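[1] Provided below for reference: sequence and predicted model.
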Amino acid sequence: QVQLVESGGGLAQAGGSLRLSCAASGRAFFTTTMGWFRQAPGKEREFVACISWSGDSIGYTDSVKGRFTISRDNAKNTVYLQMNSLKPEDTAIYFCARARNLYGGTKVQEQEYAYWGQGTQVTVSS
């Protein structure tokens, strides 16, 4: 049984930082790509960042490049999203996801992910 539990969301001021964590249970965490997605009010869920099983391949959506950093600790079954220089448009529910298939590189499509966390709210005030 795979479970993903996000934490670290909250309220930040524009220009501030937050660090999201996603703790995964279940087998084979270290063999799958992990991703972060977000959904703002009234909008569809969108890709934010992903990291391959080895950590060698990383992808970001253009709007967060240079501000967000994804990382993983396979020994702790945890993936992180460090968010710096936050903007009000980063306000959303952030979801952690685990890829459907083993190994592989970056994955940016929702359909490539089989397991999702419940989400954590990030609110950035101006």
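    Received, thanks.

[2] Quick check: mean pLDDT of stretch 118-126?
    Averaged over stretch 118-126, pLDDT sits at 97.

[3] Give the partner strands of the longest strand seen in the chain in its sheet and their orientations.
    Across the chain, the longest stretch assigned as strand under DSSP state E is strand 92-102. Strand pairing for strand 92-102, determined by DSSP bridges: strand 32-39 (antiparallel), strand 113-116 (antiparallel), strand 120-125 (antiparallel).

[4] Let's have those strands in JSON lines, adding distance to residue 15 and mean neighbour count.
    Glycine gets a C-beta too; all of them are placed from N, C-alpha and C. Converted to JSON lines, those look like this (distance: least, C-beta to C-beta, whole Å; neighbours: other C-beta atoms under 10 Å):
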{"stretch": "strand 32-39", "distance to residue 15": "19", "mean neighbour count": "24"}
{"stretch": "strand 113-116", "distance to residue 15": "30", "mean neighbour count": "17"}
{"stretch": "strand 120-125", "distance to residue 15": "9", "mean neighbour count": "17"}
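
[5] what's the closest of the ones you listed to residue 6?
    Ranking those by their distance to residue 6 (criterion: C-beta to C-beta) puts strand 120-125 first, at 4.1 Å.

[6] residues making contact with that closest one?
    6-14, 16, 18, 20, 38, 83, 86-94 (C-beta atoms under 8 Å, 6 or more residues apart in numbering).

[7] can you rerun that using 10 Å?
    The contact list for strand 120-125 (C-beta atoms under 10 Å, 6 or more residues apart in numbering) reads 5-16, 18, 20-22, 38, 40, 81, 83, 86-96.

[8] Redo the strands paired with strand 92-102 as CSV? Include distance to residue 75.
    Formatted as CSV, the strands paired with strand 92-102 follow (distance: least, C-beta to C-beta, whole Å):
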stretch, distance to residue 75
strand 32-39, 14
strand 113-116, 20
strand 120-125, 23
